[in-house]
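J.: Okay, here's the prediction I keep looking at, along with the sequence it came from:
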Amino acid sequence: MHTKQTQALWELQRQGLPDIAESAARHWSEGRRYEPDGALHIPRSLETLIEQCNWEIDRVSVQA
């Protein structure tokens, strides 16, 4: 798991969003992007971290 992914998961847990953290971890460990449900209230800083993690996943997929 990449550093940004670990940071995002920790922040999601810290914000009291363990279900989202679990889902994101599952997606990223399978090499897939994680797109949170639009109805969920996620702070903008966490949305940015998730976007960065998805970018990392995209980069790894392109290189493979």
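T.: Happy to help now that I have it. Every value quoted in this text rests on a predicted model; they were computed, and no experiment measured them. Numbering: from 1, shown residues only.
J.: Identify, by residue count, the longest helix of the chain.
T.: helix 44-63 (DSSP state H).
J.: Let me see the mean pLDDT of that one.
T.: Averaging pLDDT along helix 44-63 gives 90.
J.: Output the contacting helices and strands for it.
T.: helix 3-14, helix 18-29 (3 or more Cβ pairs under 8 Å, 6 or more residues apart in numbering; DSSP states H and E). The way it works is simple: take the backbone N, C-alpha and C, and place the C-beta from them, glycine included.
J.: Can I get the ones you listed in JSON lines including mean pLDDT?
T.: Output for those, formatted as JSON lines (pLDDT from 0 to 100):
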{"stretch": "helix 3-14", "mean pLDDT": "95"}
{"stretch": "helix 18-29", "mean pLDDT": "96"}
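J.: Can you tell me which of those helices is nearest to Glu35?
T.: Smallest distance to Glu35 across those (Cβ to Cβ): 8.5 Å, for helix 18-29.
J.: how big is the angle separating the closest one from helix 3-14?
T.: 160 degrees (axes from the mean of the first three to the mean of the last three Cα atoms, to 10 degrees).
J.: Helix 18-29 to helix 44-63, inter-axis angle?
T.: 20 degrees.
J.: what's the offset of helix 18-29 from the middle of its chain?
T.: In terms of Cα atoms, centre = their mean, to the nearest Å, the centre of helix 18-29 is found 7 Å from the chain centre.
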